[in-house]
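J.: Need coordinates for the below:
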Amino acid sequence: MKFANARVRLALVAAGLTAIAPAARAANHREAPITSLDRAADITDWYTFVSFNDPTKVTLVLAVDPLLEPSNGPNYFPFDPGILYSFRIDNDHDARTDVSFEVRFQTEIRQPGLFTGFVGGIAGIPPITALDGPGSEGLSLRQTYSVTMRRGHERIDLARGRTLYAVPTNVGPRTMPNYTASGGLFEQGIYQLPQGIRVFAGTTDDAFYIDLGAAFDSLNFRAAAGGGVLSAAQDAADNVNFAPNDVSGFNVNTIAIEVPIALLTQDGQLHGAGDPLAVLGTYGTTSRRQITVRRDADDDPPVLSTGPFRQVQRMGNPLINELVIGTGFKDRFSMDSPWNDSQFASFFLRPVLADVFASLGIPVPAGDRTDLLPLVTYSGPIVPPGTPAGPIADLLRINTGIPPTPFANQKRLALLTLLDGDPSNDDAAGFPNGRRPGDDVTDIAARAVGGILADPVAFGTRIGDGVNTDDKTRRGTFPYVNPAQDGRNSRHVDPGEPGCTGTCPVS
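T.: Residues are numbered from 1 along each chain as shown. As a prediction, this is how the structure comes out:
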């Protein structure tokens, strides 16, 4: 790779690593045909990052079930008890799972006569202020879950008899008056487990942000956002939107697990950034039983699922499935395993999106895109010398020896900030060195496809959708995503409405 700025050497981050790794594509919000028909199993986003407040831990976040309307009752959006949610870690660079966490949910209906899953502050039922015990009477539809850690042949029940409750959606202030308060429903859903592990499961704000409508209208970006090429001033405005965020006001179902890094590495130790053992590859999956039988209405249960689990969806790097893999191959990609990804190599080396950029007059590298290979192998600058490249595999790779950037100093362009010539702006701890909820993966990914990592001078077009931030202030503590939006009072900032800088443009 060629970089105009020699400062991009990993004096940036640590010992002797030489530049920065190529980015992936944006983030999932409807992708393969199979998951468009199975919303509950649809992975919207997968995050992996060194915890902001503890450099000895990594946080893994799996978000599923896209674009949940906060007001859509009466039962809202529980996790699906028929799905196995898995967090997968490769620690020896062969793209196969070495450590995993499996999460399963159970649903109970505590008051079957109620017309809604959640009620409070009316008809003698107190407001819902607790997940269990007094204050939980109106929580009729309630979910509990299990967390199992697998390492080799070892299976560890991390709950160890403790009941873990999923946090329901935020119905509104009458029903759930303390939802976001200190010690309220959201915080009650954070559990400390053995071996220094923390876990959270529940409905949350969707942290992703994008001008989704413009992106999928054949890249018809807003004139106020430069038609998809940002000005220098717009690009520097990390907290300002110049186009509508089509994900604003929506929720998503989220599972977050914070784990000591030493539980994930090959030898059970922490490693510096220059050590190959510091580099992990991660991805998330959703799976269902092989056979599902819909029985008669008077049978209990009316739906019976049997057989081994079969994968429905997976996600490592964001938006690989949507923007790189051809539609005729998306289902196979979703259901297959990363170590079989050599069959998709042509999509990685010749992304059609690059041809689209070229047709719009944006300069892109010619020929096979070997500058993008670190996306799908253990190679490139965040990967120390001597690390086996491994097979072609879509994994979100992270160098756990690179410390977190202080929360207040994090930048939306993450690793790309190392190319801007301003050392005070550097942020080496974000995408594609893992991924944090605040990283602008849409813009980073688009610029990687445009060739910025091959040559930031020749191919450094400031491609962007003009949406630079989420509609909620980022959260700097575990689970690092915000509480669910309020079903009664939430709203979406649509094109033409106030909510950007001035007015969100429609053209």
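
J.: Please count neighbours and contacts with C-alpha atoms only from this point.
T.: Will do.

J.: Quick check, residue 190 in contact with residue 202.
T.: No: between residue 190 and residue 202 there is no contact under Cα atoms under 8 Å: 9.8 Å.

J.: which of the two has more neighbours?
T.: Neighbours per residue (other Cα atoms under 10 Å) separate residue 190 from residue 202, with residue 202 holding more: 24 against 21.

J.: list the contacts for the closest residue to that one other than its chain neighbours?
T.: Nearest residue to residue 202, sequence neighbours excluded (Cα to Cα, 6 or more residues apart in numbering): residue 167, at 4.2 Å. Shown in contact with residue 167 (Cα atoms under 8 Å, 6 or more residues apart in numbering): 131, 185-186, 188-189, 201-203.

J.: Tabulate the residues you listed (CSV), appending secondary structure and pLDDT.
T.: Output for these, formatted as CSV (DSSP: H, G, I helix; E, B strand; the rest coil; pLDDT from 0 to 100):
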residue, secondary structure, pLDDT
131, coil, 98
185, helix, 98
186, helix, 98
188, helix, 98
189, coil, 98
201, strand, 98
202, strand, 98
203, strand, 98
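
J.: Please list only the buried members of those.
T.: With burial judged by 16 or more other Cα atoms under 10 Å, the buried subset of the contacts of residue 167 is 131, 185-186, 188-189, 201-203.

J.: which one among these gets closest to residue 47?
T.: Checking these against residue 47 with Cα to Cα, the nearest one is residue 201 at 14.6 Å.

J.: Residue 44 versus the residue lying closest to that closest one once chain neighbours are set aside, what's the distance?
T.: Spatially, and ignoring its direct neighbours in sequence, residue 201 is nearest to residue 255 (4.4 Å; Cα to Cα, 6+ apart). For residue 255, the distance to residue 44 (Cα to Cα, to the nearest Å) stands at 12 Å.

J.: Looking at these two, which has the bigger crowd around it?
T.: For residue 255 versus residue 44, the count of surrounding residues by other Cα under 10 Å is larger for residue 44: 26 against 22.

J.: Please, which helix or strand holds the more buried one?
T.: Under the criterion of DSSP states H and E, residue 44 resides in strand 43-50.

J.: Show me what the helix or strand following that strand is packed up against.
T.: Counting by DSSP H and E, the next helix or strand C-terminal to strand 43-50 is strand 57-68. In terms of contacts (3 or more Cα pairs under 8 Å, 6 or more residues apart in numbering; DSSP states H and E), strand 57-68 is packed against strand 43-50, strand 251-260.

J.: Looking at those strands, which is nearest to residue 217?
T.: When those are compared by Cα to Cα, strand 43-50 sits nearest residue 217, at 19.8 Å.

J.: so the closest one versus strand 251-260, what angle?
T.: 30 degrees (axes from the mean of the first three to the mean of the last three Cα atoms, to 10 degrees).

J.: contact partners of strand 43-50?
T.: Identification of contacts with strand 43-50 by Cα under 8 Å, 6+ apart yields 27-30, 56-66, 208, 282-286, 313-318, 396, 398, 400, 403-404, 429-430, 433-437.

J.: What ranges in this structure fall below the confidence cut-off?
T.: 1-33, 499, 501-503 (pLDDT under 70).

J.: In it, mark out all the strands, start to finish.
T.: Along the chain, counting by DSSP state E, strands occupy 43-50, 57-68, 83-90, 99-109, 141-151, 154-157, 164-165, 190-193, 197-205, 251-260, 279-294, 303-315, 396-399.

J.: Select, out of these, the one closest to residue 454.
T.: Minimum separation from residue 454 across the strands of the chain (Cα to Cα) falls at strand 396-399, 19.2 Å.

J.: which helices and strands does the closest one pack with?
T.: strand 43-50, strand 279-294.

J.: right, and the residue nearest to residue 201 touches residue 62 too?
T.: Yes: Residue 255 is within contact range of residue 62, at 5.3 Å (criterion: Cα under 8 Å).

J.: hang on, the earlier thing: can you work out which residues contact both of residue 255 and residue 44?
T.: Overlap of the contact sets of residue 255 and residue 44 (by Cα under 8 Å, 6+ apart) consists of residue 63.

J.: about what we covered before: and the strands of the chain as CSV, adding distance to residue 176?
T.: Putting the strands of the chain into CSV (distance: least, Cα to Cα, whole Å) gives the following:
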stretch, distance to residue 176
strand 43-50, 26
strand 57-68, 18
strand 83-90, 27
strand 99-109, 18
strand 141-151, 14
strand 154-157, 31
strand 164-165, 16
strand 190-193, 17
strand 197-205, 14
strand 251-260, 16
strand 279-294, 30
strand 303-315, 32
strand 396-399, 37
